[in-house]
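> sequence below, structure please.
(one chain, ligands or ions: 1)
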Amino acid sequence: METNNQRLLHTFAALADLGQEIANTSDFAEMLRSSFHLLLGSIAIRRGAVARYDRRTDSLHLISTRGFDQISDQTFTITRDEERELASRASLTLAGATASAARFMETHQEFFVAAEIKVLLPLVVHDRLIGIVLLGEKASGEKFTEEDLETLTALARHIAVGINSHHLLAEVKRKAEENQRLYDGLRKIYKETVHAFAAAIDIKDRYTQGHSVRVGKYSEVIARELGWSDDEVEGITIAGYLHDIGKLIVDLSVINSPERFSAKESKEMSRHPAAGYEILAPISHPYADIPLMARYHHERMDGNGYPDGLKGEQIPAGARIVTLADSFDAMTTDRPYRKKLPLEEVLEDFRINTGSQFDPQIVCAFCRAFLKEIDGTKERRLLNLLNRNYDNVERLRPALTQILSEFGDRMSFSTGN
Ligand SMILES: [Fe+2]
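Model prediction:
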């Protein structure tokens with residue numbers, strides 16, 4: 001009786017150790033090695049191995065061995081009948097094998113005899129075979145008792161759960177990586193489509209070639225200066241590319257009119273922000289608010305814009321950025337009815353219209369980024385875009401500084417340098 005109690009205690013202790021081992025170890029090989037050693041130690045067995053069942057190839061591969069180092073790369077084939085039979089058994093001794101399991105043992109008799117395997121423990125989770133444990137004789141040389149097999153079976157069940165959890169996690173990880181690859185692929189397709197659309201918009205409007213892409217790039221510079229996250233910056237860049245997509249429904253003769261618009265033409269043209277929203281809204285964009293940025297890029301801070309006459313903060317921040325980028329590009333490129341403006345005049349226009357048309361914070365972010373580029377503390381994005389049309393951009397420093405000091409941005413201006 002005393003011996004039985006001791007054995008029970010010993011088994012419980014081994015089970016508790018095994019549970020902790022499986023829960024604590026993130027290294028699968030280490031978890032397997034130490035839990036298998038615990039199993040061997042529970043009955044004092046010197047030699048054994050764990051084999052994992054691979055359903056795709058109907059085979060068992062040794063994944064952990066002790067005292068079997070010379071056969072560590074052994075693989076067994078296994079039929080589905082044998083697999084089912086093994087899965088229904090808790091443990092098998094060589095003498096007590098059933099017909100199918102015996103066939104499996106017969107097939108690999110040479111190995112079992114050579115390795116002196118005495119007991120085979122199928123590792124089963126939810127009635128599915130996930131591997132087997134092969135055990136040599138006990139260190140004492142005694143036969144395995146029923147109690148031994150019960151102890152071993154209980155411990156093997158824990159190992160089976162550990163292996164299964166590892167496989168499930170590996171499978172989840174593989175699926176997550178596959179999803180990430182698919183997502184990256186979709187994102188790439190989305191971006192290429194956006195570029196194609198931007199090109200289509202710009203081709204339709206022959207006077208503003210490259211306008212959409214430049215607005216995207218100016219918006220990106222402003223958003224970065226405002227400290228937006230990478231995803232948000234990517235979103236605003238795309239919003240810049242697509243902001244005029246509604247022009248696709250505007251009559252070509254209006255878009256390409258060489259004169260300033262008549263009242264009728266202006267009305268036709270002013271449909272494009274809302275039309276852009278209608279085109280973009282049904283698409284699931286990987287970034288939020290792109291349809292709204294297109295819809296509201298002609299709104300003004302004072303509420304006198306269109307299509308909805310939103311005021312100040314009611315206008316999404318992204319749309320306020322695109323508004324400034326759009327105006328900047330419009331003023332710095334030739335139009336059919338006027339030449340590009342000198343940059344001093346552009347900045348003066350910003351200064352006069354800050355607060356009424358433009359958001360002061362966004363104007364300041366733009367000026368700050370501009371100054372940093374002039375000072376060489378920031379990559380030349382704006383300057384490279386402007387240098388095609390303008391010389392000596394460095395002379396703008398006083399005008400930029402003036403705007404920053406006027407709109408209460410002295411702090412960020414000085415820290416930005
Ligand atoms: Fe527009």
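
> any idea how far the spatially closest residue to residue 334 that is not a sequence neighbour lies from residue 107?
Nearest residue to residue 334 in three dimensions, chain neighbours excluded: residue 340, at 5.1 Å (CB to CB, 6 or more residues apart in numbering). Quick note: C-beta positions are derived from backbone N, CA and C, even for glycine. As judged by CB to CB, to the nearest Å, residue 340 and residue 107 stand 85 Å apart.

> what of residue 48?
Distance of residue 48 to residue 107, computed by CB to CB: 20 Å.

> doesn't residue 124 belong to a strand?
Yes - assigned with DSSP: H, G, I helix; E, B strand; the rest coil, residue 124 falls within a strand.

> avg pLDDT for stretch 64-80?
Average pLDDT, stretch 64-80: 79.

> that stretch spans what distance, first to last residue?
Terminal residues of stretch 64-80 lie 23 Å apart, using CA to CA, to the nearest Å.

> can you tell me what sits against that stretch?
With CB atoms under 8 Å, 6 or more residues apart in numbering as the test, stretch 64-80 has contacts from 29, 32-33, 36-37, 40, 46-51, 53, 58-62, 86, 104, 107-108, 111, 115, 136.

> which among the residues you listed count as buried?
32-33, 36, 40, 47-51, 53, 60-62, 86, 104, 108, 115, 136 (16 or more other CB atoms under 10 Å).

> tally of neighbours for the nearest residue to residue 290 once chain neighbours are set aside?
Leaving aside its sequence neighbours, residue 290 sits nearest to residue 239 (CB to CB, 6+ apart; 4.8 Å). Residues contacting residue 239 under the criterion other CB atoms under 10 Å number 31.

> over to the one 5 residues further on?
Counted by other CB under 10 Å, the residues lying close to residue 244 total 28.

> who touches it in this structure?
Residues near residue 244 by CB under 8 Å, 6+ apart: 201, 205, 211-212, 215, 272, 276, 294.

> what about the stretch 151-300 of the chain, any weak spots by pLDDT?
Scanning the stretch 151-300 of the chain for pLDDT under 70 picks out the ranges 206-207.

> show me where it has its strands.
With DSSP state E, counting those that start in this stretch as the criterion, the stretch 151-300 of the chain has no strands.

> and residue 48, bridged to which residues?
Taking DSSP bridges as the rule, residue 48 bridges to residue 66, residue 135.

> my guess is it contacts residue 36. True?
Yes - under the criterion of CB atoms under 8 Å, residue 48 makes contact with residue 36 at 7.0 Å.

> who touches both of those two?
Residues touching both residue 48 and residue 36 by CB under 8 Å, 6+ apart: 66, 133.

> list the residues that contact residue 305.
Residues near residue 305 by CB under 8 Å, 6+ apart: 296, 298-299, 315, 357.

> report pLDDT for the residue nearest to residue 334.
Listed pLDDT for residue 340 reads 92.

> residues near it, how many?
Using other CB under 10 Å, residue 340 has 16 neighbouring residues.

> quick one, phi psi at it?
Backbone geometry at residue 340, expressed as degrees, to the nearest 10, gives phi -60, psi 150.

> doesn't residue 328 make contact with it?
No - the criterion here is CB under 8 Å, and residue 340 misses it with residue 328 at 11.0 Å.

> hang on, residue 121 in a strand?
Yes - residue state for residue 121 (three-state DSSP) corresponds to a strand.

> dump the residue contacts of it.
90-92, 132-133, 135, 152-153, 156.

> ok, 10 Å please
By CB atoms under 10 Å, 6 or more residues apart in numbering, the residues touching residue 121 are 39, 48, 50, 86, 89-92, 131-135, 149, 152-153, 155-157, 159-160.

> quick one: it from residue 270, how far?
According to CB to CB, residue 121 stands 78 Å off from residue 270.

> got the CA positions of stretch 280-288 in PDB?
C-alpha atoms of stretch 280-288 as PDB (Å, rounded to 0.1, in the frame of the first residue of the first chain):
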ATOM      1  CA  LEU A 280     -14.100  56.300 -53.800                       C
ATOM      2  CA  ALA A 281     -16.700  55.500 -51.100                       C
ATOM      3  CA  PRO A 282     -17.600  51.900 -52.200                       C
ATOM      4  CA  ILE A 283     -13.900  50.800 -52.300                       C
ATOM      5  CA  SER A 284     -12.500  49.400 -49.100                       C
ATOM      6  CA  HIS A 285      -9.300  51.500 -48.700                       C
ATOM      7  CA  PRO A 286      -6.600  50.200 -46.500                       C
ATOM      8  CA  TYR A 287      -6.500  53.700 -45.000                       C
ATOM      9  CA  ALA A 288      -9.400  55.600 -43.500                       C
END
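
> now that stretch: buried residues?
By neighbour count with 16+ other CB under 10 Å, stretch 280-288 contains the buried residues 280, 285, 287.

> looking at these, which are in helices?
Judged by DSSP state H, the buried residues of stretch 280-288 include residue 280 as members of helices.

> just the pLDDT for the residue nearest to residue 14 when sequence neighbours are not counted.
Excluding its sequence neighbours, the residue lying closest to residue 14 (CB to CB, 6+ apart) is residue 42, at 4.5 Å. Per-residue confidence (pLDDT) for residue 42: 85.

> so which strand or helix has residue 42?
Assigned by DSSP states H and E, residue 42 falls within helix 28-43.

> so which elements touch that helix?
With contacts taken as 3 or more CB pairs under 10 Å, 6 or more residues apart in numbering; DSSP states H and E, helix 28-43 sits against helix 2-24, strand 48-54, strand 59-66, strand 128-135, helix 146-204.

> in contact with residue 302, which residues?
309, 311-312, 353, 355-357.

> can you do 7 Å?
By CB atoms under 7 Å, 6 or more residues apart in numbering, the contact list for residue 302 reads 311, 356.

> what kind of secondary structure is it in?
coil.

> one step back: select, out of the helices and strands packed on helix 28-43, the one closest to residue 378.
Taking CB to CB, helix 146-204 is the member of those nearest to residue 378, at 24.3 Å.

> let me know the angle separating the closest one from strand 119-125.
40 degrees (axes from the mean of the first three to the mean of the last three CA atoms, to 10 degrees).
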